[in-house]
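**Q** Coordinates for the following, if possible.
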Amino acid sequence: MGRQNTFPAEMRERAVRLVFEQQDKHESQWAAIVSIADKMGCTGETLRKWVRRAERDTGQRPGLTTSERERMKDLEREVREVREVRELKRANEILRKASAYFAQAELDRRPR
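**A** The predicted structure follows:
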């Protein structure tokens, strides 16, 4: 479903670590991100997203951590499955009642 990561995890971790180590040597964090992204072969926006995720995961920035996000996705998937099962049960009940109704109607019909 989602895009496959084209950058190895070690490379992403190294790039993020470099941003944290080098940001004081640049006029802004974004300047550090752009500089390091260029050297690492990714876009500044890609590296910025990695940095933001790392900041959330370490508590430096508010928001859901990576593990919390994954748990949320799992729970949403479970809720969808429960809803689907509920809909299937409802549909089966309707079909069962309709079948019984038509079977009874067939029995009540006068023979020719």
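
**Q** In contact with residue 66, which residues?
**A** Residues counted as contacts of residue 66 (CB atoms under 8 Å, 6 or more residues apart in numbering) are 53, 56, 57. Backbone N, C-alpha and C define where each C-beta goes, glycine included.

**Q** does the residue most central in space within the chain sit in a helix or strand, and which one?
**A** The centroid of the chain falls nearest to residue 73 when counting by CA atoms, centre = their mean (5.2 Å). Taking DSSP states H and E as the criterion, residue 73 maps to helix 66-108.

**Q** Please apply the same query to residue 62.
**A** Assigned by DSSP H and E, residue 62 falls outside every helix and strand.

**Q** now it, nearest residue through space, not along the chain?
**A** With sequence-adjacent residues excluded and distances taken as CB to CB, 6 or more residues apart in numbering, residue 62 is closest to residue 56, at 7.4 Å.

**Q** so the one you found, which of the three states?
**A** Recorded secondary structure, residue 56: helix (DSSP: H, G, I helix; E, B strand; the rest coil).

**Q** burial count for it?
**A** 17 (other CB atoms under 10 Å).

**Q** Make JSON lines from the contacts of residue 66 and add pLDDT and distance to residue 65 to it.
**A** Shown next, in JSON lines, are those (pLDDT from 0 to 100; distance: CB to CB, whole Å):
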{"residue": "53", "pLDDT": "95", "distance to residue 65": "8"}
{"residue": "56", "pLDDT": "95", "distance to residue 65": "6"}
{"residue": "57", "pLDDT": "95", "distance to residue 65": "5"}
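
**Q** Quickly name whichever of those residues is closest to residue 36.
**A** The shortest approach to residue 36 among the contacts of residue 66 belongs to residue 53, at 15.5 Å (CB to CB).

**Q** Now do the contacts for that closest one.
**A** Taking CB under 8 Å, 6+ apart as the test, what residue 53 contacts is residue 66.

**Q** What distance do you get for it to residue 14?
**A** 15 Å (CB to CB, to the nearest Å).

**Q** Same check on residue 37?
**A** Where residue 14 is concerned, residue 37 sits at a distance of 12 Å (CB to CB).

**Q** who's more crowded, those two?
**A** residue 37 (21 against 13).

**Q** Thanks again, I'm all set now.
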